[in-house]
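Visitor: Take this sequence and fold it.
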Amino acid sequence: MIGTLQCVVLDCHYPAGLAQFYAALLGGEVDRPDPRWSLDEDWSTVHLPDGRVLGFQRAEDYRPPIWPDPAHPQQLHLDVEVEDYAAAEAAAVALGAEVRARHDRWGVLTDPAGHPFCLVPRHCA
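Guide: Reported below is the predicted structural model:
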């Protein structure tokens, strides 16, 4: 095992509004302070009653999916929390992932089919 699922992140135009929708649908607390994320107009969260977290990320050119039209595919990614970023990245690459971007506190990789996922250090503040 390389890491644990930190949250599922959905791209959207208006993160706070979508977070409110999912909190009403599933229960939970919108934008509860959490050292893993910075909350702002581009990022919102819902901490669900069972402990899972949904994240909502602003995407300026967001195009909503049209089920089941492949020209407008589903859009979400996984955040995977890891203890040691460098070791986790190396292990994921060995499994077939490709590094797409590195940021100050996290990195974006793609799985062998091209789906993006993020590696996020556990103690990322």
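
Visitor: May I have the lengthiest strand in the chain exported as CSV, CA atoms only?
Guide: If you go by DSSP state E, the chain has its longest strand at strand 4-12. What follows is strand 4-12, C-alpha atoms only, in CSV (Å, rounded to 0.1, in the frame of the first residue of the first chain):
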residue,chain,number,x,y,z
THR,A,4,-4.8,6.2,1.9
LEU,A,5,-7.6,7.9,0.1
GLN,A,6,-7.8,11.4,1.5
CYS,A,7,-10.8,12.7,-0.4
VAL,A,8,-12.6,12.6,-3.7
VAL,A,9,-12.5,15.9,-5.6
LEU,A,10,-15.0,17.2,-8.1
ASP,A,11,-14.2,20.0,-10.5
CYS,A,12,-16.9,22.7,-10.8
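
Visitor: Paired strands for it, with orientation please.
Guide: Paired strands of strand 4-12, with direction, are strand 53-58 (parallel), strand 76-82 (antiparallel) (DSSP bridges).

Visitor: Give me the contacts around it.
Guide: Residues outside strand 4-12 that contact it (Cβ atoms under 8 Å, 6 or more residues apart in numbering): 18, 36, 45, 52-59, 62, 75-81, 118, 120. All C-beta spots, glycine's among them, are computed from the backbone N, C-alpha and C.
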